[in-house]
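1. Sequence and computational prediction follow.
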Amino acid sequence: MEADQKFVEDLVKSIVNHPDDVKTERKVDERGVLITLFVHQEDMGYVIGREGQTARAIRTLLKIVGARANARVNLKINEPEGSTRPPRREYSANTNVDNVDVDTDSVDNLKI
């Protein structure tokens, strides 16, 4: 097992409730190294973190590990069926803004 792959497994095993279910796959292509992470469905929240902060931190650390080996390393987190991660919020461009009060006097006095 390569150092970058082992780093991801060891790091993720230390933060999840089901460390035996943590698995990784490593693929190398012309764009660099891709490490795919597989975790137990109940542990997705721990791996992703609030607003993706934990996943972002893991990716940042992994890029540093890769940079030491002169390699571009990316992490893909495989989301299992039935995971407990909340669904993404989707925002529509057609948001209703009819009830917004705007003080036109203060808007006219703005200096840009």
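-> Good, I have the coordinates. Numbering: from 1, shown residues only.
2. Look through the protein and tell me its longest helix.
-> Looking across the chain with DSSP state H, the single longest helix is helix 53-68.
3. next helix or strand past that helix?
-> strand 73-78 (DSSP states H and E).
4. Could you tell me how many residues sit around the closest residue to Asp21 other than its chain neighbours?
-> The spatial neighbour of Asp21 that comes closest, neighbours along the chain excluded (Cβ to Cβ, 6 or more residues apart in numbering), is His40 at 3.9 Å. (Each C-beta comes from the backbone N, C-alpha and C, glycine too.) Number of residues near His40 (other Cβ atoms under 10 Å) recorded here: 18.
5. Let me know the pLDDT of Glu2.
-> You'll see Glu2 listed with a pLDDT of 88.
6. Tally up the residues packed near it, please.
-> 16.
7. Can you spell out which helices and strands pack onto the stretch of helix or strand Asp10 belongs to?
-> When elements are assigned from DSSP H and E, Asp10 belongs to helix 3-13. Helix 3-13 is packed against strand 23-29, strand 32-38, helix 53-68, with contacts defined by 3 or more Cβ pairs under 8 Å, 6 or more residues apart in numbering; DSSP states H and E.
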